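Participant: Mind looking at a prediction? Sequence and model below.
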Amino acid sequence: MKAAPFAYVRPGTTADVVAELSRDGSKVIAGGQSLVPVLAMRLGRPTQLVDINAVPELRQLARDDGSLRVGATVRQRQLQREEIGAAVPLVRLALPWVGHREIRSRGTVCGSIAHADPSAELPAVAACLEATMVLTGGRGTRQVAAADFFTGALSTVIEPDELLSEVIFPVAKPGDGFGFGEFARRHGDFALAGVAVRVRTSGESVDARLTCFGVSDVPVSVDVSPHLRSALQMTGPQPSRADLVSALAEHTEEVAEDVVSTGGDSHASPAYRRRLISALAAREVSRAYVSARLSRPEERS
Ligand SMILES: Cc1cc2nc3c(=O)[nH]c(=O)nc-3n(C[C@H](O)[C@H](O)[C@H](O)COP(=O)(O)OP(=O)(O)OC[C@H]3O[C@@H](n4cnc5c(N)ncnc54)[C@H](O)[C@@H]3O)c2cc1C
(Lines give C-alpha, C1' and ligand atoms only; values in the text may rest on other atoms or scores of the structure.)
Protein backbone atom coordinates (compact mmCIF):
# COMPACT_ATOMS: atom_id res chain seq x y z
CA MET A 1 0.00 0.00 0.00
CA LYS A 2 1.17 3.56 -0.67
CA ALA A 3 0.38 6.83 1.08
CA ALA A 4 -2.66 8.80 -0.10
CA PRO A 5 -1.73 12.02 -1.98
CA PHE A 6 -0.64 15.00 0.12
CA ALA A 7 0.92 18.43 -0.38
CA TYR A 8 4.38 19.10 1.09
CA VAL A 9 5.82 22.39 2.35
CA ARG A 10 9.13 23.18 4.05
CA PRO A 11 8.94 26.63 5.68
CA GLY A 12 12.05 28.41 6.97
CA THR A 13 10.62 30.09 10.09
CA THR A 14 8.47 29.04 13.04
CA ALA A 15 5.91 31.72 12.10
CA ASP A 16 5.53 30.19 8.62
CA VAL A 17 5.24 26.67 10.11
CA VAL A 18 2.40 27.89 12.31
CA ALA A 19 0.72 29.64 9.34
CA GLU A 20 0.86 26.40 7.32
CA LEU A 21 -0.45 24.34 10.24
CA SER A 22 -3.55 26.53 10.37
CA ARG A 23 -4.64 25.04 7.00
CA ASP A 24 -7.12 22.20 7.51
CA GLY A 25 -5.65 18.68 7.38
CA SER A 26 -2.02 19.80 7.92
CA LYS A 27 0.43 17.77 9.99
CA VAL A 28 4.00 18.31 11.18
CA ILE A 29 6.66 15.96 9.87
CA ALA A 30 9.92 15.93 11.88
CA GLY A 31 11.98 12.69 11.64
CA GLY A 32 9.18 10.79 9.88
CA GLN A 33 9.93 7.57 11.81
CA SER A 34 6.38 7.24 13.12
CA LEU A 35 4.46 9.37 10.63
CA VAL A 36 5.72 7.75 7.42
CA PRO A 37 4.58 4.23 8.46
CA VAL A 38 1.22 5.74 9.47
CA LEU A 39 0.91 7.32 5.99
CA ALA A 40 2.09 4.18 4.21
CA MET A 41 -0.54 2.08 5.97
CA ARG A 42 -3.16 4.81 5.41
CA LEU A 43 -3.88 4.96 9.12
CA GLY A 44 -3.80 8.75 8.69
CA ARG A 45 -4.49 10.92 5.63
CA PRO A 46 -3.22 14.46 6.18
CA THR A 47 -3.73 16.70 3.17
CA GLN A 48 -0.49 18.62 3.79
CA LEU A 49 2.80 17.76 5.49
CA VAL A 50 4.65 20.66 7.09
CA ASP A 51 8.34 19.74 7.22
CA ILE A 52 9.94 21.62 10.14
CA ASN A 53 13.56 20.67 9.41
CA ALA A 54 14.54 23.91 7.65
CA VAL A 55 13.78 26.13 10.67
CA PRO A 56 17.11 27.08 12.30
CA GLU A 57 15.71 27.98 15.77
CA LEU A 58 14.08 24.55 16.12
CA ARG A 59 17.55 22.93 16.12
CA GLN A 60 18.40 24.48 19.49
CA LEU A 61 20.00 22.18 22.07
CA ALA A 62 21.13 24.36 24.96
CA ARG A 63 21.61 24.43 28.71
CA ASP A 64 20.36 27.37 30.68
CA ASP A 65 19.54 27.97 34.32
CA GLY A 66 19.21 24.37 35.50
CA SER A 67 17.42 23.24 32.33
CA LEU A 68 18.21 21.51 29.08
CA ARG A 69 16.16 22.94 26.21
CA VAL A 70 15.63 20.52 23.35
CA GLY A 71 14.28 22.03 20.13
CA ALA A 72 11.77 20.33 17.85
CA THR A 73 14.27 18.97 15.32
CA VAL A 74 16.95 17.73 17.75
CA ARG A 75 17.53 14.08 16.91
CA GLN A 76 17.35 11.39 19.60
CA ARG A 77 20.88 10.31 18.73
CA GLN A 78 22.21 13.82 19.26
CA LEU A 79 21.16 13.69 22.92
CA GLN A 80 22.74 10.26 23.23
CA ARG A 81 26.08 11.29 21.73
CA GLU A 82 26.66 14.97 22.47
CA GLU A 83 28.26 15.89 25.80
CA ILE A 84 25.42 18.26 26.68
CA GLY A 85 23.00 15.29 26.85
CA ALA A 86 24.81 14.00 29.97
CA ALA A 87 23.09 16.80 31.94
CA VAL A 88 19.88 14.73 31.85
CA PRO A 89 21.03 11.19 32.72
CA LEU A 90 17.56 9.63 32.59
CA VAL A 91 17.23 10.51 28.89
CA ARG A 92 20.62 8.86 28.30
CA LEU A 93 19.50 5.70 30.13
CA ALA A 94 16.30 5.50 28.06
CA LEU A 95 17.55 6.29 24.56
CA PRO A 96 19.32 2.97 23.82
CA TRP A 97 15.90 1.33 24.20
CA VAL A 98 14.25 3.50 21.51
CA GLY A 99 14.12 1.43 18.32
CA HIS A 100 17.51 1.10 16.61
CA ARG A 101 20.41 3.46 15.92
CA GLU A 102 19.14 4.32 12.42
CA ILE A 103 15.73 5.27 13.82
CA ARG A 104 17.30 7.42 16.56
CA SER A 105 19.44 9.17 13.93
CA ARG A 106 16.31 10.51 12.22
CA GLY A 107 13.69 10.42 14.99
CA THR A 108 13.38 13.56 17.13
CA VAL A 109 12.94 13.82 20.90
CA CYS A 110 9.97 16.17 20.47
CA GLY A 111 8.45 13.97 17.74
CA SER A 112 8.40 10.96 20.06
CA ILE A 113 6.80 13.00 22.83
CA ALA A 114 4.24 14.59 20.44
CA HIS A 115 3.38 11.17 18.99
CA ALA A 116 2.59 9.93 22.55
CA ASP A 117 2.72 6.19 21.97
CA PRO A 118 1.76 4.57 25.31
CA SER A 119 4.71 2.15 25.00
CA ALA A 120 7.30 4.78 24.06
CA GLU A 121 10.22 5.58 26.33
CA LEU A 122 10.60 9.36 25.96
CA PRO A 123 7.07 10.34 27.02
CA ALA A 124 7.66 8.34 30.23
CA VAL A 125 11.00 10.08 30.79
CA ALA A 126 9.33 13.49 30.30
CA ALA A 127 6.61 12.54 32.81
CA CYS A 128 9.11 11.18 35.36
CA LEU A 129 11.31 14.29 35.19
CA GLU A 130 8.29 16.64 35.21
CA ALA A 131 9.51 18.23 31.98
CA THR A 132 7.83 21.27 30.45
CA MET A 133 6.43 21.28 26.91
CA VAL A 134 6.58 24.53 24.95
CA LEU A 135 3.79 24.81 22.38
CA THR A 136 3.82 27.49 19.68
CA GLY A 137 0.71 28.32 17.66
CA GLY A 138 -1.29 31.12 16.10
CA ARG A 139 -2.25 32.46 19.54
CA GLY A 140 1.35 32.60 20.79
CA THR A 141 3.41 30.32 23.00
CA ARG A 142 2.26 28.36 26.05
CA GLN A 143 4.00 26.01 28.46
CA VAL A 144 2.37 22.77 29.58
CA ALA A 145 3.58 20.51 32.39
CA ALA A 146 4.17 16.89 31.36
CA ALA A 147 1.47 15.80 33.84
CA ASP A 148 -1.14 17.75 31.82
CA PHE A 149 0.24 17.02 28.34
CA PHE A 150 -0.72 13.40 27.58
CA THR A 151 -4.46 12.91 27.24
CA GLY A 152 -4.71 9.37 25.87
CA ALA A 153 -3.08 6.87 23.52
CA LEU A 154 -1.43 8.88 20.67
CA SER A 155 -3.16 11.96 22.01
CA THR A 156 -1.95 15.18 23.66
CA VAL A 157 -3.12 18.74 24.30
CA ILE A 158 -1.35 20.00 21.12
CA GLU A 159 -3.93 21.86 18.99
CA PRO A 160 -3.96 21.23 15.21
CA ASP A 161 -2.33 24.62 14.54
CA GLU A 162 0.32 24.19 17.24
CA LEU A 163 3.86 22.89 17.19
CA LEU A 164 5.78 21.33 20.09
CA SER A 165 8.63 23.78 19.62
CA GLU A 166 10.79 22.54 22.51
CA VAL A 167 10.89 20.36 25.58
CA ILE A 168 12.57 21.66 28.74
CA PHE A 169 14.14 18.98 30.95
CA PRO A 170 15.48 19.78 34.44
CA VAL A 171 19.21 19.15 34.74
CA ALA A 172 20.25 16.54 37.35
CA LYS A 173 21.69 17.82 40.65
CA PRO A 174 24.11 16.18 43.11
CA GLY A 175 22.02 13.79 45.20
CA ASP A 176 19.79 12.82 42.24
CA GLY A 177 19.85 9.27 40.86
CA PHE A 178 18.01 7.56 38.03
CA GLY A 179 16.92 4.14 36.85
CA PHE A 180 15.34 2.92 33.64
CA GLY A 181 14.27 -0.55 32.55
CA GLU A 182 11.84 -2.24 30.22
CA PHE A 183 10.94 -5.61 28.83
CA ALA A 184 10.39 -6.13 25.10
CA ARG A 185 10.31 -9.37 23.13
CA ARG A 186 13.24 -8.27 20.93
CA HIS A 187 15.63 -5.39 21.39
CA GLY A 188 14.25 -2.37 19.53
CA ASP A 189 10.61 -3.45 19.83
CA PHE A 190 8.19 -1.29 21.76
CA ALA A 191 8.12 -2.32 25.44
CA LEU A 192 5.52 -4.65 26.92
CA ALA A 193 6.10 -2.70 30.12
CA GLY A 194 8.75 -0.35 31.42
CA VAL A 195 9.71 2.04 34.21
CA ALA A 196 11.60 5.31 34.59
CA VAL A 197 12.73 6.37 38.08
CA ARG A 198 14.06 9.53 39.70
CA VAL A 199 15.34 9.44 43.30
CA ARG A 200 16.31 12.63 45.12
CA THR A 201 18.36 12.60 48.29
CA SER A 202 19.30 15.56 50.43
CA GLY A 203 20.64 15.23 53.98
CA GLU A 204 18.45 12.58 55.59
CA SER A 205 15.54 13.03 53.17
CA VAL A 206 14.78 10.78 50.23
CA ASP A 207 12.07 11.05 47.55
CA ALA A 208 11.33 8.69 44.71
CA ARG A 209 9.15 9.05 41.63
CA LEU A 210 8.28 6.07 39.45
CA THR A 211 6.74 6.39 35.97
CA CYS A 212 5.38 3.28 34.28
CA PHE A 213 4.71 2.91 30.54
CA GLY A 214 3.18 0.30 28.26
CA VAL A 215 0.56 -0.38 30.92
CA SER A 216 -2.00 2.37 30.35
CA ASP A 217 -3.00 4.90 27.66
CA VAL A 218 -0.59 7.45 29.13
CA PRO A 219 2.56 7.27 31.29
CA VAL A 220 1.53 6.72 34.92
CA SER A 221 3.58 8.41 37.66
CA VAL A 222 3.53 7.34 41.30
CA ASP A 223 5.23 8.84 44.35
CA VAL A 224 7.02 5.80 45.76
CA SER A 225 8.90 7.73 48.46
CA PRO A 226 7.03 5.97 51.32
CA HIS A 227 7.88 2.57 49.82
CA LEU A 228 11.56 3.42 49.47
CA ARG A 229 11.75 4.86 53.00
CA SER A 230 10.12 1.79 54.46
CA ALA A 231 12.50 -0.51 52.53
CA LEU A 232 15.47 1.53 53.82
CA GLN A 233 14.23 1.06 57.40
CA MET A 234 14.64 -2.67 56.83
CA THR A 235 18.06 -2.49 55.14
CA GLY A 236 19.68 0.59 56.72
CA PRO A 237 20.76 3.66 54.70
CA GLN A 238 23.69 2.05 52.85
CA PRO A 239 22.28 -1.22 51.54
CA SER A 240 23.68 -3.37 48.77
CA ARG A 241 21.53 -3.19 45.64
CA ALA A 242 20.46 -6.82 46.05
CA ASP A 243 19.24 -6.24 49.62
CA LEU A 244 17.34 -3.13 48.62
CA VAL A 245 15.71 -4.90 45.65
CA SER A 246 14.42 -7.62 48.02
CA ALA A 247 13.12 -5.08 50.53
CA LEU A 248 11.41 -3.03 47.79
CA ALA A 249 9.81 -6.12 46.26
CA GLU A 250 7.58 -6.25 49.36
CA HIS A 251 5.94 -3.03 48.11
CA THR A 252 6.15 -2.98 44.33
CA GLU A 253 3.52 -5.67 43.78
CA GLU A 254 0.96 -3.36 45.34
CA VAL A 255 2.16 -0.44 43.17
CA ALA A 256 1.91 -2.59 40.02
CA GLU A 257 -1.63 -3.56 40.96
CA ASP A 258 -2.64 0.12 40.81
CA VAL A 259 -0.81 1.27 37.67
CA VAL A 260 -1.65 -1.44 35.12
CA SER A 261 -4.90 -0.49 33.46
CA THR A 262 -4.44 -1.88 29.96
CA GLY A 263 -6.48 -4.87 28.81
CA GLY A 264 -4.52 -7.93 27.72
CA ASP A 265 -3.32 -8.22 24.13
CA SER A 266 -1.64 -10.90 22.01
CA HIS A 267 1.72 -10.03 23.62
CA ALA A 268 0.94 -10.04 27.33
CA SER A 269 -1.90 -10.33 29.81
CA PRO A 270 -2.50 -7.61 32.45
CA ALA A 271 -1.26 -10.05 35.13
CA TYR A 272 2.02 -10.57 33.26
CA ARG A 273 2.46 -6.80 32.86
CA ARG A 274 1.89 -6.37 36.61
CA ARG A 275 4.66 -8.89 37.32
CA LEU A 276 6.98 -7.05 34.93
CA ILE A 277 6.27 -3.67 36.55
CA SER A 278 6.74 -5.08 40.03
CA ALA A 279 10.14 -6.60 39.20
CA LEU A 280 11.36 -3.65 37.11
CA ALA A 281 10.28 -1.11 39.73
CA ALA A 282 12.12 -2.89 42.58
CA ARG A 283 15.27 -3.17 40.46
CA GLU A 284 15.28 0.38 39.08
CA VAL A 285 14.25 2.22 42.26
CA SER A 286 17.11 0.40 43.95
CA ARG A 287 19.54 1.36 41.17
CA ALA A 288 18.38 4.99 41.30
CA TYR A 289 18.79 5.17 45.09
CA VAL A 290 22.33 3.77 45.01
CA SER A 291 23.35 6.15 42.21
CA ALA A 292 21.72 9.10 44.04
CA ARG A 293 23.76 8.32 47.16
CA LEU A 294 26.97 7.97 45.17
CA SER A 295 26.39 11.30 43.38
CA ARG A 296 26.45 13.23 46.68
CA PRO A 297 29.60 15.33 47.16
CA GLU A 298 30.32 13.77 50.61
CA GLU A 299 30.29 10.28 49.06
CA ARG A 300 32.82 11.31 46.43
CA SER A 301 35.42 12.78 48.78
C1 LIG B 1 11.06 0.08 13.31
C2 LIG B 1 10.75 1.16 14.31
C3 LIG B 1 10.92 0.89 15.66
C4 LIG B 1 10.65 1.87 16.61
N5 LIG B 1 10.80 1.56 17.93
C6 LIG B 1 10.53 2.50 18.85
C7 LIG B 1 10.68 2.22 20.24
O8 LIG B 1 11.09 1.13 20.64
N9 LIG B 1 10.35 3.20 21.11
C10 LIG B 1 9.90 4.43 20.70
O11 LIG B 1 9.61 5.27 21.54
N12 LIG B 1 9.77 4.73 19.40
C13 LIG B 1 10.07 3.81 18.47
N14 LIG B 1 9.92 4.13 17.15
C15 LIG B 1 9.42 5.49 16.80
C16 LIG B 1 10.56 6.51 16.72
O17 LIG B 1 11.15 6.71 17.98
C18 LIG B 1 10.10 7.89 16.20
O19 LIG B 1 11.25 8.58 15.88
C20 LIG B 1 9.34 8.80 17.14
O21 LIG B 1 8.24 8.15 17.70
C22 LIG B 1 8.75 10.00 16.38
O23 LIG B 1 9.71 10.93 16.11
P24 LIG B 1 9.84 11.56 14.64
O25 LIG B 1 10.70 12.77 14.75
O26 LIG B 1 10.27 10.53 13.68
O27 LIG B 1 8.33 12.05 14.36
P28 LIG B 1 7.44 11.97 13.05
O29 LIG B 1 7.32 10.57 12.58
O30 LIG B 1 7.90 12.98 12.06
O31 LIG B 1 6.03 12.44 13.66
C32 LIG B 1 5.31 11.61 14.54
C33 LIG B 1 4.01 12.33 14.95
O34 LIG B 1 4.29 13.41 15.81
C35 LIG B 1 3.90 14.66 15.20
N36 LIG B 1 5.01 15.58 15.46
C37 LIG B 1 6.34 15.35 15.28
N38 LIG B 1 7.05 16.38 15.73
C39 LIG B 1 6.16 17.29 16.19
C40 LIG B 1 6.30 18.57 16.79
N41 LIG B 1 7.49 19.12 17.02
N42 LIG B 1 5.17 19.23 17.14
C43 LIG B 1 3.94 18.68 16.94
N44 LIG B 1 3.76 17.47 16.40
C45 LIG B 1 4.85 16.79 16.02
C46 LIG B 1 3.70 14.35 13.72
O47 LIG B 1 2.74 15.22 13.15
C48 LIG B 1 3.23 12.91 13.77
O49 LIG B 1 1.87 12.87 14.08
C50 LIG B 1 10.20 3.17 16.18
C51 LIG B 1 10.07 3.46 14.82
C52 LIG B 1 10.34 2.46 13.89
C53 LIG B 1 10.18 2.80 12.43
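Facilitator: Yep, that arrived.

Participant: alpha carbons only for contacts and neighbour counts from here, please
Facilitator: Noted.

Participant: host element of Cys212?
Facilitator: Using DSSP states H and E, Cys212 sits in strand 205-213.

Participant: again, but for Val199
Facilitator: Per DSSP H and E, Val199 falls inside strand 193-202.

Participant: Of all the residues in that strand, which ones are buried?
Facilitator: Across strand 193-202, burial judged by 16 or more other CA atoms under 10 Å covers 193-201.

Participant: same question for that strand, mean pLDDT?
Facilitator: What strand 193-202 shows for mean pLDDT is 97.

Participant: Mind listing residues that contact it?
Facilitator: Strand 193-202 is contacted by residues 90, 119, 121, 124-125, 128-129, 175-184, 206-215, 273, 276-277, 280-281, 284-285, 288-289, 292-293 when judged by CA atoms under 8 Å, 6 or more residues apart in numbering.

Participant: If we use 6 Å, what do you get?
Facilitator: Strand 193-202 is contacted by residues 175-183, 206-214, 288-289 when judged by CA atoms under 6 Å, 6 or more residues apart in numbering.

Participant: go on, stretch 155-163?
Facilitator: Under the contact criterion CA under 6 Å, 6+ apart, stretch 155-163 has outside partners 21-22, 135-137, 149-150.

Participant: Which two of the residues you listed have the greatest separation?
Facilitator: Farthest apart among these by CA to CA are Ser22 and Phe150. That separation is 21.8 Å.

Participant: which one of these two has more residues nearby?
Facilitator: Phe150 (24 against 17; other CA atoms under 10 Å).

Participant: Across the sheet, point out what pairs with that one.
Facilitator: The partner list for Phe150 in beta bridges (DSSP bridges) reads Thr156.

Participant: Checking my notes, Thr136 in a strand, right?
Facilitator: Yes. Counting by DSSP: H, G, I helix; E, B strand; the rest coil, Thr136 is found in a strand.

Participant: What is the neighbour count of it?
Facilitator: For Thr136, the count of nearby residues is 22 (other CA under 10 Å).

Participant: Do you know the pLDDT at it?
Facilitator: For Thr136, pLDDT reads 98.

Participant: again, but for Arg300
Facilitator: As predicted, Arg300 sits at a pLDDT of 62.

Participant: mind checking how far the closest residue to Arg101 other than its chain neighbours is from Glu298?
Facilitator: In space, Arg101 comes closest to Arg77 once its chain neighbours are excluded; the distance is 7.4 Å by CA to CA, 6 or more residues apart in numbering. For Arg77, the distance to Glu298 equals 33 Å [CA to CA, to the nearest Å].

Participant: between these two, who's got more neighbours?
Facilitator: Using other CA under 10 Å as the criterion, Arg77 and Glu298 rank with Arg77 on top: 22 against 9.
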